[in-house]
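Chemist: Provided below are the primary sequence and the corresponding predicted coordinates.
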Amino acid sequence: MAFFLETLFGGLMAGMLYSLVALGFVLIFKASGVFNFAQGAMVLFAALAMARFSEWILNWLGPDSLLAANLLAFALAAVCMFAVAWLIERLVLRHLVNQEGATLLMATLGITYVLDGAGQTIFGSDIYQINIGMPKDPIFILDQTFPGGILINKEDLIAAGIAAALVIALSLFFQKTTTGRALRAVADDHQAAQSIGIPLNRIWVIVWCVAGIVALVAGMIWGSKLGVQFSLTTAALRALPVIILGGLTSVPGAIIGGLIIGVGEKLSEVYLGPMIGGGIEIWFAYVLALVFLLFRPQGLFGEKIIDRV
């Protein structure tokens, strides 16, 4: 039982990391109707900015100023993501208002390659570490209930807490604020939103800024655990099954979908892997997503698809 719970907790923590990347997809689609294939590149760009700014500022301030260096680096990286959002709206999105979804998807694919190249040109293409002071040592819980206790990584716990706080804040933002309601109106119909006075260009800049901050947080956590490298871009592919499960328009759905995928991967690898030769963790999420596409294409929390004839 202890081993099962340890595997379960490991899956939950991994699922939270998937959810952070999936949040960027959901935010932009929910607010603008654009499926943002560039979210993985945004995570890489933000993580590179955070790693390099932190390194440069730490060299300038001295090794004893880790907290100040990280705070300054976070602020500068956030400014970079704001600049990226403004440039994307100015150079790409404002010219594609009311275009087909396929056109917008191809535009985000182009943005992916531009961000990949720009990030590595500006900040370098080596593998960098992000040291934000998160504890790496494990802890044992429930040692009174199970012999030896259950092993949990402190870093994973903190990452899960950050993700949960981010989801709560974003849910409140979309539901309770005037800007959040305007974002949802823009997603429903661009022209109708403009006709009632909602500034489409400003709304798109805001939502891409928010998605940029989410990408920055995800990049910091992934970079702290695994290092900042080009493979971070492929984190977006891990998030695709998450948003299929949770629904493209649901912020809580991104979290629930991530948890289901994370737990499913770990448990299937441990308990089903020995029966069929292992390797389940690589493809489990995509098979589960295909099943959902067949029987519930809108996802667990997505809006029901209505065919108008």
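Modeler: Sure thing, it's come through.
Chemist: show me which residues of stretch 278-298 are buried.
Modeler: 280, 281, 284, 285, 288, 289, 292, 298 (16 or more other Cβ atoms under 10 Å). C-betas here are computed from N, CA, C, even on glycine.
Chemist: nearest to residue 196, of the residues you listed?
Modeler: Nearest to residue 196 among the buried residues of stretch 278-298 is residue 298, at 27.0 Å by Cβ to Cβ.
Chemist: correct me, but the closest one touches residue 246?
Modeler: No - using Cβ atoms under 8 Å, residue 298 makes no contact with residue 246, being 10.2 Å away.
Chemist: so which of the buried residues of stretch 278-298 belong to helices?
Modeler: 280, 281, 284, 285, 288, 289, 292 (DSSP state H).
Chemist: show me the contacts for the fifth one.
Modeler: If I follow you right, that is residue 288. 241, 245, 260, 261, 264 (Cβ atoms under 8 Å, 6 or more residues apart in numbering).
Chemist: flag the least confident of the ones in helices among the buried residues of stretch 278-298.
Modeler: Of all these, residue 281 carries the smallest pLDDT score, 76.
Chemist: give me the number of residues near residue 137?
Modeler: 7 (other Cβ atoms under 10 Å).
Chemist: show me what contacts it?
Modeler: Residue 137 neighbours (Cβ under 8 Å, 6+ apart): residue 154.
Chemist: one more: residue 52?
Modeler: With Cβ under 8 Å, 6+ apart, residue 52 has these contacts: 123, 124, 128.
Chemist: what is the nearest of the buried residues of stretch 278-298 to residue 177?
Modeler: Of the buried residues of stretch 278-298, the one sitting nearest to residue 177 (Cβ to Cβ) turns out to be residue 298, at 25.4 Å.
Chemist: residue ranges with poor pLDDT in the chain?
Modeler: Residues of the chain meeting the criterion pLDDT under 70: 1-2, 32, 97-98, 142-146, 148-149, 184-191, 193-194, 235-236, 302-309.
Chemist: now the strands for it?
Modeler: Secondary structure of the chain (DSSP state E): strands located at 138-141, 150-153.
Chemist: most tightly packed of those?
Modeler: Burial of the strands of the chain is given as mean neighbour count (mean count of other Cβ atoms under 10 Å); strand 150-153 ranks first at a mean of 18.
Chemist: if you count contacts, what does that strand end up packed against?
Modeler: Judged by 3 or more Cβ pairs under 8 Å, 6 or more residues apart in numbering; DSSP states H and E, strand 150-153 is in contact with helix 2-32, strand 138-141.
Chemist: out of the ones you listed, nearest to residue 274?
Modeler: helix 2-32 (13.5 Å).
Chemist: residue 215 against residue 39, yeah?
Modeler: Yes - using Cβ under 8 Å, residue 215 is in contact with residue 39, at 6.5 Å.
Chemist: anything in contact with each of those two?
Modeler: 21, 24.
Chemist: which residue ranges of the chain form helices?
Modeler: For the chain, the helices defined by DSSP H cover 2-32, 39-61, 66-91, 101-123, 154-176, 178-188, 190-195, 200-226, 235-246, 251-271, 273-276, 280-295.
Chemist: which one of those helices lies nearest to residue 139?
Modeler: Per Cβ to Cβ, nearest to residue 139 of the helices of the chain: helix 154-176, 5.8 Å.
Chemist: so what's residue 48 up against?
Modeler: By Cβ under 8 Å, 6+ apart, the neighbours of residue 48 are 119, 120, 122, 123, 124, 128, 219, 228.
Chemist: now which of those residues would you call buried?
Modeler: Among these, the ones that count as buried (16+ other Cβ under 10 Å) are 119, 123, 128, 219, 228.
Chemist: which one of those residues is nearest to residue 47?
Modeler: Closest to residue 47, out of all of the buried ones among the contacts of residue 48 and judged by Cβ to Cβ, is residue 219, at 3.0 Å.
Chemist: residues in contact with that closest one?
Modeler: 43, 44, 45, 46, 47, 48, 50, 130, 228, 232 are the contacts of residue 219 under Cβ under 8 Å, 6+ apart.
Chemist: how about the nearest residue to the last one, chain neighbours excluded?
Modeler: Computed as Cβ to Cβ, 6 or more residues apart in numbering, the closest residue to residue 232 that is not its neighbour in sequence is residue 44, at 4.4 Å.
Chemist: noted, bye for now.
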